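Participant: Build the 3D model from these lines:
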Amino acid sequence: MTQWHPIFGHLLRPVLQEYYDVQTNVPVGDLPREADIIVLRRASTKDPPFRTLWNHLTRWNILELKGRSESARIADVDLLVEVGLGIHRRLQEKEPESKIARAEVAFWYLANHLGKRFLRDVVQLTGGLQTVSAGLWRGRILSRPLWLVSNRDVPIDLESASVRMVSEQTVEQARELADVIMASEEMWHHYGPLLIALNRNLEKEFTAMATKRFKGDIDWDFIVAKAGGIQQVLGRANPRDLLEGGGAKTLIDKIGVDGLMAILTPKQRRELTRRIESGKN
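Facilitator: Coordinates of the predicted model:
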């Protein structure tokens with residue numbers, strides 16, 4: 001099963017990293033589950049320029065992301081709050097001088113689609129919800145902001161691009177998303193491989209769009225290779241050639257640590273973690 005939250009964290013960074021520290025794989029204590037939690041911690045004194053979705057971020061934000069095929073469940077909100085309170089406590093213990101108020105810690109629940117029944121159940125749990133914009137609702141729980149995001153329903157723009165990338169999309173929405181993320185070559189290099197991998201039927205169209213937009217100055221060998229499946233590329237390569245030729249390092253430099261973790265299987269991630277902890281190469 002695709003691990004969406006490390007991919008989501010990878011997509012968030014180019015938009016938020018100047019203002020927020022993006023943390024994935026956050027320890028959740030003794031809870032009997034692996035929560036798909038991302039923590040966004042304000043890391044800059046500059047006022048962020050956000051105007052839409054991320055304009056609502058507070059100093060500390062605990063996000064839970066559900067994958068494309070996962071249905072939203074009211075029980076997830078209970079668990080988000082439980083995990084979020086624990087993370088808030090741990091962060092406060094690490095920074096006792098910060099004095100972060102309850103209102104400065106927001107809980108975010110993001111799922112592919114939030115239906116009427118789910119929203120009704122959240123109202124019963126919290127006492128009320130306010131519709132902020134398409135696909136976005138605000139509530140409060142234990143004096144903390146609670147944000148609910150229906151990923152496939154939020155308007156497409158640069159701020160919401162990461163959210164829309166991990167949601168279901170029609171062909172027209174994929175085209176609109178491609179046009180938005182081609183606002184800069186850097187954004188296209190960061191988002192393009194995944195967008196193509198998820199929309200292989202539009203690969204030629206997106207290639208033509210990007211070539212025209214960036215006047216042909218784009219590393220399509222890397223884009224296509226990544227979209228075609230890095231596991232397959234690595235599987236066909238000679239390991240000695242990758243190491244001696246510097247190909248392995250180049251690949252990791254291009255996709256980053258989050259990109260590497262996203263393409264590893266759960267078994268491979270566990271083995272990597274085991275080797276790091278034991279100090280073995």
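Participant: What is the subsequent helix or strand relative to the helix or strand hosting residue 193?
Facilitator: Assigned by DSSP states H and E, residue 193 belongs to helix 185-198. The helix or strand immediately downstream of helix 185-198 is helix 203-213, counting by DSSP H and E.
Participant: Tell me the buried residues in that next one?
Facilitator: For helix 203-213, a neighbour-count test (16 or more other Cβ atoms under 10 Å) marks 203, 206-207, 209-210, 213 as buried. The way it works is simple: take the backbone N, C-alpha and C, and place the C-beta from them, glycine included.
Participant: Point out the other elements, helices or strands, that that helix touches.
Facilitator: helix 171-181, helix 185-198, helix 220-227 (3 or more Cβ pairs under 8 Å, 6 or more residues apart in numbering; DSSP states H and E).
Participant: Run the angle between it and helix 171-181 for me.
Facilitator: Interaxial angle, helix 203-213 versus helix 171-181 (axes from the mean of the first three to the mean of the last three Cα atoms, to 10 degrees): 30 degrees.
Participant: Okay, angle between helix 203-213 and helix 185-198 too, please.
Facilitator: Angle of helix 203-213 versus helix 185-198, following the same axes, to 10 degrees, is 170 degrees.
Participant: can you map out the strands along this protein?
Facilitator: 20-24, 37-42, 60-65, 105-111, 130-133, 136-141, 144-150 (DSSP state E).
Participant: is it true that residue 137 touches residue 131?
Facilitator: Yes - Residue 137 lies in contact with residue 131 (Cβ atoms under 8 Å); the separation is 5.7 Å.
Participant: So for those two, which sits in the more crowded spot?
Facilitator: residue 137 (19 against 11; other Cβ atoms under 10 Å).
Participant: quick one, what contacts the closest residue to that one other than its chain neighbours?
Facilitator: Leaving out its chain neighbours, the residue that sits closest to residue 137 by Cβ to Cβ, 6 or more residues apart in numbering is residue 148, at 4.3 Å. By Cβ atoms under 8 Å, 6 or more residues apart in numbering, the contact set of residue 148 is 109, 114, 119, 122, 129, 136-139.
Participant: Of these, which is the nearest to residue 24?
Facilitator: residue 109 (16.5 Å; Cβ to Cβ).
Participant: What pLDDT does the model give the closest one?
Facilitator: pLDDT for residue 109: 97.
Participant: Pull the contacting residues for it.
Facilitator: Applying Cβ under 8 Å, 6+ apart to residue 109 gives the contacts 63-64, 66, 72, 76-77, 80, 146-149.
Participant: Next, give me the two most distant ones among the residues you listed.
Facilitator: 66 and 146 (15.3 Å).
Participant: For residue 61, give its distance to residue 131.
Facilitator: The gap separating residue 61 from residue 131 is 20 Å, by Cβ to Cβ, to the nearest Å.
Participant: My error: substitute residue 115 in the last question.
Facilitator: Using Cβ to Cβ, residue 115 is found at 14 Å from residue 131.
Participant: now do residue 121
Facilitator: Going from residue 121 to residue 131 by Cβ to Cβ gives 16 Å.
Participant: can you check residue 7 too?
Facilitator: Spatial separation of residue 7 from residue 131 under the definition Cβ to Cβ is 28 Å.
Participant: Repeat that for residue 142.
Facilitator: From residue 142 to residue 131 the distance is 22 Å (Cβ to Cβ).
Participant: swap in residue 66?
Facilitator: Counting by Cβ to Cβ - residue 66 and residue 131 are separated by 20 Å.
Participant: How about residue 81?
Facilitator: Distance from residue 81 to residue 131, by Cβ to Cβ: 21 Å.
Participant: Equivalent analysis for residue 103, please.
Facilitator: Residue 103 is 20 Å from residue 131, by Cβ to Cβ.
Participant: now residue 166
Facilitator: Separation of residue 166 from residue 131 (Cβ to Cβ): 22 Å.
Participant: tell me which strands and helices the helix holding residue 193 is in contact with?
Facilitator: For helix 185-198, the packing partners by 3+ Cβ pairs under 8 Å, 6+ apart come out as helix 4-16, helix 161-165, helix 171-181, helix 203-213, helix 220-227.
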